[in-house]
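A.B. asks: Sequence and predicted structure below; questions after.
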Amino acid sequence: MGARLSTLFKNIFWSLSKDGFRGLSKDRFWPGSLSKDRCWSLLKDCNRLLVRIDGLLEAEAALEQARNETDAAKAEIAELIRSNQESQEKAMAAQQAAEQAAAASQDQARREMEAMAQAAKAANDARLLAEAAAHTANEEAEQKAAEAEEERKRTAVVQEQAKRDAQATQEQAERLQEAADEEKRKATAAQKAANVSKKVAEEQVKTANAAKQEAERKLKEGIQPVATPSPEEVRAAKRKVQYREDLFHFAVAGVAGAGKSSLINAFCGLRNKNLRAAATGVTETTLAMARIPHPDAEYPLVWYDIPGAGTLKISDWQYFNAQGLYIFDCIIILFDNRFTMTDIAILTNCRRFRIPTYIVRSKADQHISNIMDDMANDSEDDDDDESEYKKKKLYQAAREQFIQQTRKSVKDNLEGANIPDQKVYIVSNKTMIGVVKSKQAVKVIDEIELLNDLIQETQTRRARRDAEVDIIMNERWWPMIEIFKLLYCFLRALTNVDVDPFSP
């Protein structure tokens, strides 16, 4: 740069010296050939030259600075390139590591996806099995619920019937208590009227003679006499059966072969082959009264197997008193095929002594089976392979026919004997055993109702029977009551007015 400037100055001064410096005077005025304008022009050129020189110097400095900055920038760029290469190498290494990790992750993910797919398949299989099991369980639960609902309805009906029976029994007990109180009052009045017994003695003799004549007449005409046991006979009958006041005594009476022993065994929850069961047979196996305590101490009961009337040499009307049936708390009249005169006689005498009676027809399963056989023989259907539905329908028809026939037969027999109609219980010994043991059984007809009624009878009969026995069977008051009855009838006949002559 300096060499260029030196060359420029040399050229300028060379020009000046060539054009006019040669003619300068001492006072430095321009010579004759160099005009003043030319000088000023040269000065301006010099000035411009100086300005250019300054510009060149500044440009040279700027150029040098630019070169320096360029070198620094190049060095910085080289450093950046080196750093960038190192970063790229690191990035490449990281990318390779990332790609390897990604490949490993993908492989792990693939294995996990396969495991998840297998787990999902196993879970789906388990879900299907669980749904099938749940469906089966729901169906079984619904069936059990339906069965439970049916059982609840049957139980509700039985409970409602038991409630009504208990209420009726309570009302009957209250009426009997009122009657007992009235009888006591009348007995007291009869005792006060003992002084008039002499006046009615003759009437009593006349009445006795008339009764004797009437009895002889009825005996000749074949009419069965009415025999009332004496207090001594009552005590003897109680001793014979080992009567205990703390127990409830059930008598099961009926013709030979009606199934009395089997029914008692069923009430006790025993099968006929059990060693503790009463003896059973096709013919009458009980020639003497059998006393069978109930095996469950929870029920203070004693069962009595009464010999069939056909096995004893006594008439039907004597059967009741001869067996001492008047001392029992309850009597079950059991029959198999048809009602007999003995059954009618037992019912009639039980009404006299106010002993509860239950008419029971046994062997229901056998009779229904026989009716089913008859229906099957009468049917025109030759298909031997009957469906379960047909068998069930046939059973229901035979069952309904047997129930209707039995109840109509009993009703007709009771009407013919002038005895009020009462319920007949139709049972099967096998079903009764199931009811006693588990309180549940199939093909139930009247087994549950009979069992509940008997249990209810044990709870109410004792108080009612004691109230009656205190009046009727008390030896102290027996003669006075008879005298009172005769006196009452005599005065009523005289006055023909239905009043109590001994009322205060």
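C.D. replies: Yep, it's here.
A.B. asks: use CA for all of it now, contacts and neighbours both
C.D. replies: OK.
A.B. asks: Confirm residue 291 sits in a strand?
C.D. replies: Yes. Residue 291 forms part of a strand when assessed by DSSP: H, G, I helix; E, B strand; the rest coil.
A.B. asks: How about it: what's its closest non-neighbour residue?
C.D. replies: residue 304 (4.8 Å; C-alpha to C-alpha, 6 or more residues apart in numbering).
A.B. asks: so after the helix or strand harbouring the one you found, what's the next helix or strand?
C.D. replies: Assessed by DSSP states H and E, residue 304 sits inside strand 301-305. As assigned by DSSP H and E, the chain's next helix or strand after strand 301-305 is helix 316-322.
A.B. asks: any idea of the mean pLDDT in that following helix?
C.D. replies: Here helix 316-322 scores 78 as its mean pLDDT.
A.B. asks: how far is the helix or strand containing residue 90 from where the chain is centred?
C.D. replies: Here residue 90, judged by DSSP H and E, is contained in helix 36-192. The chain centroid and the centroid of helix 36-192 are separated by 44 Å, computed with C-alpha atoms, centre = their mean, to the nearest Å.
A.B. asks: packing partners for that helix?
C.D. replies: Helix 36-192 sits against helix 447-472, helix 478-495, with contacts defined as 3 or more C-alpha pairs under 8 Å, 6 or more residues apart in numbering; DSSP states H and E.
A.B. asks: quick one: the residue nearest in space to the middle of the chain and residue 362, what's the gap?
C.D. replies: For the chain, the residue nearest the mean C-alpha position is residue 148 (4.6 Å; C-alpha atoms, centre = their mean). Counting by C-alpha to C-alpha, to the nearest Å, the gap between residue 148 and residue 362 amounts to 29 Å.
A.B. asks: picking up where we left off before, can you tell me what sits against the strand holding residue 304?
C.D. replies: With contacts defined as C-alpha atoms under 8 Å, 6 or more residues apart in numbering, strand 301-305 is touched by 247-253, 260-261, 264, 286, 289-294.
A.B. asks: among those residues, which are in helices?
C.D. replies: 260-261, 264 (DSSP state H).
A.B. asks: Now rank those residues by neighbours and give me the top one.
C.D. replies: Greatest neighbour count in the ones in helices among the contacts of strand 301-305, by other C-alpha atoms under 10 Å, goes to residue 260: 33 neighbours.
A.B. asks: Would you confirm that that residue contacts residue 254?
C.D. replies: Yes. At 7.3 Å, residue 260 counts as touching residue 254 under the criterion of C-alpha atoms under 8 Å.
A.B. asks: list the residues that contact both of these two?
C.D. replies: Common neighbours of residue 260 and residue 254 (criterion: C-alpha under 8 Å, 6+ apart): residue 334.
A.B. asks: And the contacts of strand 301-305, which of them are buried?
C.D. replies: 248-253, 260-261, 264, 286, 290-294 (16 or more other C-alpha atoms under 10 Å).
A.B. asks: quick one on the thing from earlier: count the neighbours of the residue nearest to residue 291 for me.
C.D. replies: 22.
A.B. asks: 37 is where my numbering starts, stick with that
C.D. replies: Yep, numbering from 37; the last one is residue 340 now.
A.B. asks: So in that sheet, which strands flank the strand holding residue 340, and in what orientation?
C.D. replies: strand 284-290 (parallel), strand 326-329 (antiparallel) (DSSP bridges).
A.B. asks: looking at the ones you listed, which is closest to residue 430?
C.D. replies: Each of these has some distance to residue 430 by C-alpha to C-alpha; the shortest is strand 284-290, at 30.7 Å.
A.B. asks: pLDDT averaged over that closest one - what is it?
C.D. replies: Strand 284-290 shows a mean pLDDT of 92 in the predicted model.
A.B. asks: Least confident of the helices and strands packed on helix 72-228, on average?
C.D. replies: Looking at these, the bottom one is helix 514-531 with a mean of 65.
A.B. asks: Any stretches of the protein with poor pLDDT?
C.D. replies: Within the chain, the segments meeting pLDDT under 70 span 37-70, 230-237, 244, 247-263, 308-323, 345-353, 414-422, 475-477, 497-540.
A.B. asks: For the stretch 337-486 of the chain, which segments are assigned as strands?
C.D. replies: 337-341, 366-371, 393-397, 460-462 (DSSP state E, counting those that start in this stretch).
A.B. asks: so what strands line up beside the second one?
C.D. replies: Strand pairing for strand 366-371, determined by DSSP bridges: strand 284-290 (parallel), strand 393-397 (parallel).
A.B. asks: Outside of it itself, list whatever touches it.
C.D. replies: 285-291, 294-296, 361, 379, 382, 391-398.
A.B. asks: Check which residues of stretch 382-390 are buried.
C.D. replies: 382-386, 390.
A.B. asks: Can you lay out these as a markdown table showing distance to residue 277?
C.D. replies: Formatted as a markdown table, those follow (distance: C-alpha to C-alpha, whole Å):
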| residue | distance to residue 277 |
| --- | --- |
| 382 | 18 |
| 383 | 21 |
| 384 | 22 |
| 385 | 19 |
| 386 | 18 |
| 390 | 20 |
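A.B. asks: Name the nearest of the residues you listed relative to residue 215.
C.D. replies: For the buried residues of stretch 382-390, with residue 215 as the reference and C-alpha to C-alpha as the criterion, the closest is residue 390, at 13.1 Å.
A.B. asks: Torsion angles phi and psi at that closest one?
C.D. replies: Backbone geometry at residue 390, expressed as degrees, to the nearest 10, gives phi 60, psi 40.
A.B. asks: cool, and residue 373?
C.D. replies: Taking degrees, to the nearest 10 as the convention, residue 373 sits at phi -100, psi -50.
A.B. asks: List the residues that contact it.
C.D. replies: Residue 373 makes contact with residue 397, according to C-alpha under 8 Å, 6+ apart.
A.B. asks: From residue 402, how far out is it?
C.D. replies: Counting by C-alpha to C-alpha, the gap from residue 373 to residue 402 is 11 Å.
A.B. asks: Same check on residue 339?
C.D. replies: 24 Å.
A.B. asks: Among the two, which residue is more densely surrounded?
C.D. replies: residue 339 (21 against 11).
A.B. asks: if I look at that one, how far off is residue 363?
C.D. replies: Taking C-alpha to C-alpha, one finds residue 339 at 13 Å from residue 363.
A.B. asks: beta partners of the residue lying closest to residue 439 once chain neighbours are set aside?
C.D. replies: Distance criterion C-alpha to C-alpha, 6+ apart; nearest residue to residue 439, sequence neighbours excluded, is residue 462 at 7.3 Å. Beta-bridge pairing of residue 462 under DSSP bridges involves residue 397.
A.B. asks: now residue 462: how far from residue 383?
C.D. replies: Applying C-alpha to C-alpha, the value for residue 462 to residue 383 is 18 Å.
A.B. asks: just residue 192 next, same as before
C.D. replies: To residue 383, residue 192 is 31 Å away according to C-alpha to C-alpha.
A.B. asks: can you redo the strands paired with strand 366-371 as a markdown table with distance to residue 110?
C.D. replies: Below are those laid out as a markdown table (distance: least, C-alpha to C-alpha, whole Å):
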| stretch | distance to residue 110 |
| --- | --- |
| strand 284-290 | 130 |
| strand 393-397 | 129 |
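A.B. asks: out of these, which comes closest to residue 445?
C.D. replies: Comparing the strands paired with strand 366-371 by C-alpha to C-alpha, strand 393-397 comes nearest, at 11.2 Å.
A.B. asks: Tell me which residues are up against the closest one.
C.D. replies: Around strand 393-397, the neighbours that count as contacts under C-alpha under 8 Å, 6+ apart are 366-373, 383, 386, 442, 458-463.
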